[in-house]
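K.L.:
Attaching a predicted model along with its sequence, questions to come.
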Amino acid sequence: QVQLVESGGGLVQAGVSLRLSCAASGRTFSNYAMGWFRQAPGKEREFVAAISWRSGSTTYYADSVKGRFTISRNNAKNTVYLQMNSLKPEDTAVYYCATRGSSGLPTMGVRDYDYWGQGTQVTVSS
């Protein structure tokens, strides 16, 4: 059974940094693409960042976070990270980690990911 557990969220002021972690278990972590998504109150879940399998040589970012957020993976620790710098109030959301069911190719579509974590709250005050 695939399990994803996020951590690292919190309440911070604008301009600071946070690093989210997502620990995966239940299958060979390195074989699958990973993604981060977020959902603000009253809004649909949206893509944030994604990384390809194995070396993670391919990454994608939403325009709203490009240049501020960095996704990375440590296959030895079965963990994917989201480093978030220069946080803004509009980054406030529940952040979810997800993995594709049978592909190592990263995509931006919510429906392309089959397994999801429970989410971690990130709140950025102005």
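P.N.:
Structure's in. What do you need?

K.L.:
If we ignore the residues flanking it in sequence, what's nearest the residue nearest to the spatial centre of the chain?
P.N.:
The centroid of the chain falls nearest to W36 when counting by Cα atoms, centre = their mean (2.2 Å). Distances taken as Cβ to Cβ, 6 or more residues apart in numbering place V48 nearest to W36, at 4.3 Å, with adjacent residues excluded. To be clear about C-beta, it is placed using only N, CA and C from the backbone, and glycine gets the same treatment.

K.L.:
Checking my notes, that neighbour in a strand, right?
P.N.:
Yes: judged by DSSP: H, G, I helix; E, B strand; the rest coil, V48 forms part of a strand.

K.L.:
pretty sure the residue nearest to the centre of the chain is in a strand, no?
P.N.:
Yes: the assignment for W36 (three-state DSSP) places it in a strand.

K.L.:
what bridges to it?
P.N.:
A49, C97 (DSSP bridges).
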